[in-house]
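> What would the 3D arrangement of this be:
(one chain, ligands or ions: 1)
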Amino acid sequence: MGFNVILGDMDSVQTNRPRLDQILETVRRYWGFDALRPLQEEAILAGLDRRDSLVVMPTGGGKSLCYHVPPAVAQRTDIVVSPLISLMKDQVDGLQACGYPAAALHGGITPQERRDIEVGMRAERYRLVFVAPERLLSGSFLSLLPRGGVGAFVIDEAHCISHWGHDFRPEYRRLATLKERFPTASVHGFTATATPRVRADILEQLRLTDPTVLVGSSDRPNLVYRVVPRVDVVGQVLEVIRRHAGEAVIVYCISRKDTESVAMSLHGHGVRARAYHAGMDADKRRRTQDAFAAEQLDVVVATVAFGMGIDRSNVRCVLHAAMPKSIEHYHQETGRAGRDGLEAECVLFYSAADAMKWESLIRRSAEEAHQPGEVIEAAVEKLMHMRRFCSAAQCRHRNLSEYFGDTYDRTDCKACDVCLDEVEGVADATVTAQKILSCVARVDERFGVGHVVDVLVGADTEMVRRWGHQGLSTYGLVKETPRKALTNMVYQLVDLGLLGRSDDEWPKLQLNEASWAVMRGEREVRMVQPQTKAARKTDIEEASWEGVDQGLFEHLRTVRREIAEERGVPAFIVFGDATLREMARLRPGSRDALRRVRGVGDRKLADLGERFTAEITGYCREHDLEIEPEECDTRSDDPAIAVDKKLSRVREAALELFAQGRSVSDVAAELQRAPSTTLQYLVEYIQAKRPESIEAWVDQDTYRKVAAVADEVGTRRLRPIFERLNEAVPYDTIRLVARHLEVRT
Ligand code: ADP
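Here you go, the predicted structure:
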């Protein structure tokens, strides 16, 4: 099949200038964006030309805009096929909030809503209509299609058509007849994850004619990937969640039972968490989805390979309590983080035990379903890729990119545990390995991991007594190491091939040649342990907060939540986090200034402009912050593009000067910045470097006074502190002390 593949960033096509202006005008009007991202232009032009296309872009890459724009520019109605009601609902809510005429026909609407939409469709009032694949080809839906015929069909999550993909849906197969039934309409497939094999399958299944194939890089530079040995999953999950207090987090577990127990433990620690899995009734699941979208719930604990409906663009962290069974799953699940282009963290808690559990599960269920051997082997091979991803000390971004057939040309991603140099080796790993292996020898290779660990930590169990293992020389040999940490190390030895495991129902640990080489001291062993230092902030995270007043950002989030509640829509429909951060940086006090913020289109300006400018002005007055500071009068870059850019030189210079203890006025003069901006740099310096003392900027006496009041009233709001100190200590000083107290505790 012939098609032209366009890879990566093509230069803008000059000949399309007039059309491009029209496209940009539409993008500005509805969404308030002033530029297109790589490949969006090509994808939109394919839509406008009604030339079949397949667009592969990572989650958060901006696929939706590619099919939102063409019917709006061409003033026609396109049909979007989408696999889930919740995905359709979010899209339609988001589009309507921008004033874009769209509707969705699905089982979740009332008869009256259905009738209204049908009338709207007959009047060709909508630019986009969303529908599920099984409904698309039904007679009742077909009768509603525009009389002049449909211009284009959009197939969202197109990988669902391929059973080589990870989310095969039989009902998608019916889409193969689209081209036959509507020979004049173009068909456009969109997907985030597609290996070359899935891609070829999509083209074939959809019977695309001479399609444009646009393949963006699969890399998500705004995500930080970490793989951490799992030793105490609830404790480890909690530790990461605390780094994201008040932010959206998804935790993935393998079993339904695990989702319930992890959610309950988190809840017990005061986290707003709920479980989410396929075994729950639809109503309960919907309530959880809605609460998460409305920001009334911070953490959802879901089963792996489930939760496509768990959608929120500002998920700042995705945790895997256990390893997923393929890189495709991992990529899609972590893909739900940072869809707004802002920084997000993905941590996978790994034990080789997961790979073993998955393998026996895959084999067992395949046998029960009488699947052919090649299907089982393909699934096991996918599993092995995932396992290698976890156990290899190789850049995670590179590893993922190469898996999806991309080249990765950076030497240091600066956004994974390996490149950030966070992977911490176990001290004396070889000695510990020798102790473990000799214990396996002492128990005659007749026991599994649990018992060997019991012997090594010197546990007094029934089994130990029954076999008289308390008399072994290895009994209690590693008693200083916690049981769970030691268990993880045993699995690491299995992962490294230094220890074997039998195939029985109760697998026994067995020695191999490599084990003996370690015991004889001929082979060094390297094992890893969870990092003991606090995780560092990445450049991406620092850059995305540059110049942003965090207090104002939090305040605007509250305002957003209130509006979302009033209107019964997900919070991110009101404004995305990227837009709120931009507001907290530019601090617009007027409609004109607000219009310059990325993400504020005509409808939202009219609808929400007054409320937001009033809130921003009020907050700035209360906190003595400059409105529309002059240094911030330019838009920052689109975060999806800016992540690659270095921190601004000025800011770096400021942080260096503060490290030397220079005063705010001094630094402001040297860098020719306004004092308010310079002060913001000092706040960021305190945040980033956590200096022991800030005596260079606040004298000890004043510090103590502010700290004493903050101790009583908290550090979130500055006004109460200001008032309690009889307005004698300036806001700036209070802000510095408050931030310092926050980072030092
Ligand atoms: P995908 O469908 O590929 O997962 P989305 O279409 O949801 O991605 O886009 C991800 C985010 O990027 C959204 O917050 C969207 O508003 C934003 N976005 C998309 N295109 C642009 C653009 N050209 N400029 C700025 N932001 C954009």
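> Name the residues that touch the lengthiest helix in the chain?
Of all segments of type helix in the chain, defined using DSSP state H, the longest is helix 602-622. By Cβ atoms under 8 Å, 6 or more residues apart in numbering, the surrounding residues in contact with helix 602-622 are 29-30, 32, 97-99, 551-552, 555-556, 559, 563, 574-575, 583, 587-591, 593-595, 600, 625-627, 719. Just so you know, the C-beta spots here come from the backbone N, C-alpha and C atoms, and that holds for glycine as well.
> Can you read off the backbone torsions of Val154?
phi -110, psi 130 (degrees, to the nearest 10).
> and it, bridged to which residues?
With DSSP bridges as the criterion, Val154 is bridged to Val80, His188.
> Could you find the residue in the stretch 451-600 of the chain that comes nearest to the ligand?
Going by Cβ to the nearest ligand atom, the ligand is nearest to Gly576 of the stretch 451-600 of the chain, at 4.7 Å.
> and that residue, what pLDDT?
In this model, Gly576 is scored at 93, pLDDT.
> Enumerate every residue touching it.
Applying Cβ under 8 Å, 6+ apart, the residues contacting Gly576 are Ser313, Asn314, Asp340, Gly599.
> per-residue confidence for the first one?
With respect to pLDDT, Ser313 scores 87.
> That one - how many residues pack around it?
23 (other Cβ atoms under 10 Å).
> And it, how close does it get to Asp340?
4 Å (Cβ to Cβ, to the nearest Å).
> anything in contact with each of those two?
Common contacts of Ser313 and Asp340, defined by Cβ under 8 Å, 6+ apart, comprise Gly60, Phe572, Gly576, Asp577.
> what's the burial count for Val569?
20.
> how about the helices in the stretch 451-600 of the chain?
Assigned by DSSP state H, counting those that start in this stretch, the helices in the stretch 451-600 of the chain fall at 462-466, 483-495, 513-519, 539-544, 550-567, 571-574, 577-586, 591-595.
> quick revisit: now the contacts of Gly576 in TSV, with secondary structure and distance to Lys537?
Shown next, in TSV, are the contacts of Gly576 (DSSP: H, G, I helix; E, B strand; the rest coil; distance: Cβ to Cβ, whole Å):
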residue	secondary structure	distance to Lys537
Ser313	coil	21
Asn314	coil	18
Asp340	coil	18
Gly599	coil	24
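> can you put those in JSON lines and add distance to the ligand?
As requested, these are exported to JSON lines (distance: Cβ to the nearest ligand atom, whole Å):
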{"residue": "Ser313", "distance to the ligand": "5"}
{"residue": "Asn314", "distance to the ligand": "9"}
{"residue": "Asp340", "distance to the ligand": "4"}
{"residue": "Gly599", "distance to the ligand": "7"}
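> Farthest pair within those residues?
Within those, two members stand farthest from each other by Cβ to Cβ: Asn314 and Gly599, at 12.3 Å.
> Give me the pLDDT for Arg19.
84.
> quick one: low-confidence parts of the chain?
Along the chain, segments meeting pLDDT under 70 span 1-17, 165-166, 194, 305-309, 631-649, 673-674, 676-677, 716.
> Recalculate using a threshold of 50.
Scanning the chain for pLDDT under 50 picks out 1-14, 643-647.
> Domains in it, by residue range?
3-216, 223-421, 425-529, 545-689 (automatic domain parsing).
> starting at the chain centroid, how far to the longest one?
Using Cα atoms, centre = their mean, to the nearest Å, the distance from the centre of domain 3-216 to the centre of the chain it belongs to is 23 Å.
> now swap in the second one and tell me
The chain centroid and the centroid of domain 223-421 are separated by 10 Å under Cα atoms, centre = their mean.
> can you tell me the distance between the two ends of it?
Terminal residues of domain 223-421 are spaced 16 Å apart (Cα to Cα, to the nearest Å).
> same deal with the last one?
Domain 545-689 has an end-to-end distance of 15 Å (criterion: Cα to Cα).
> Equivalent analysis for stretch 192-199, please.
End-to-end span of stretch 192-199 (Cα to Cα): 11 Å.
> what comes into contact with it?
With contacts defined as Cβ under 8 Å, 6+ apart, stretch 192-199 is touched by 54, 56-59, 61, 63, 158-159, 162, 164-166, 191, 202, 213, 215, 218, 328, 331-332, 335, 404-405.
> Buried among those residues? Need that as a selection in ChimeraX.
Only the buried entries of the contacts of stretch 192-199 go into this ChimeraX selection, using 16 or more other Cβ atoms under 10 Å:
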select :54,56,57,58,59,61,63,158,159,162,164,165,166,191,202,213,215,218,328,331,332,335,404
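> Output stretch 516-535 as PDB, nothing but the C-alphas.
Output of stretch 516-535 as PDB, limited to C-alpha atoms (Å, rounded to 0.1, in the frame of the first residue of the first chain):
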ATOM      1  CA  TRP A 516      28.600 -20.500  42.200                       C
ATOM      2  CA  ALA A 517      30.800 -17.900  40.400                       C
ATOM      3  CA  VAL A 518      29.400 -15.200  42.800                       C
ATOM      4  CA  MET A 519      29.900 -17.400  45.800                       C
ATOM      5  CA  ARG A 520      33.500 -18.200  44.800                       C
ATOM      6  CA  GLY A 521      34.100 -14.400  44.600                       C
ATOM      7  CA  GLU A 522      34.700 -14.500  40.800                       C
ATOM      8  CA  ARG A 523      31.800 -12.300  40.000                       C
ATOM      9  CA  GLU A 524      30.800  -8.800  41.300                       C
ATOM     10  CA  VAL A 525      27.100  -8.100  41.900                       C
ATOM     11  CA  ARG A 526      25.300  -4.800  41.600                       C
ATOM     12  CA  MET A 527      21.900  -4.500  43.200                       C
ATOM     13  CA  VAL A 528      19.700  -1.400  43.600                       C
ATOM     14  CA  GLN A 529      17.700   0.000  46.400                       C
ATOM     15  CA  PRO A 530      15.200   2.900  46.800                       C
ATOM     16  CA  GLN A 531      16.800   6.200  46.700                       C
ATOM     17  CA  THR A 532      17.500   7.600  50.200                       C
ATOM     18  CA  LYS A 533      17.900  11.200  49.100                       C
ATOM     19  CA  ALA A 534      14.900  13.400  48.300                       C
ATOM     20  CA  ALA A 535      14.000  13.400  44.500                       C
END
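> Of the contacts of helix 602-622, which count as buried by neighbour count?
30, 32, 97-98, 551-552, 555-556, 559, 563, 574-575, 583, 587-589, 593-595, 600, 625-627.
> Check which helix or strand the residue positioned nearest the centre of the chain maps to.
Compute the mean C-alpha point of the chain, and by Cα atoms, centre = their mean the closest residue is Ala337, 1.0 Å away. According to DSSP states H and E, Ala337 maps onto no helix or strand at all.
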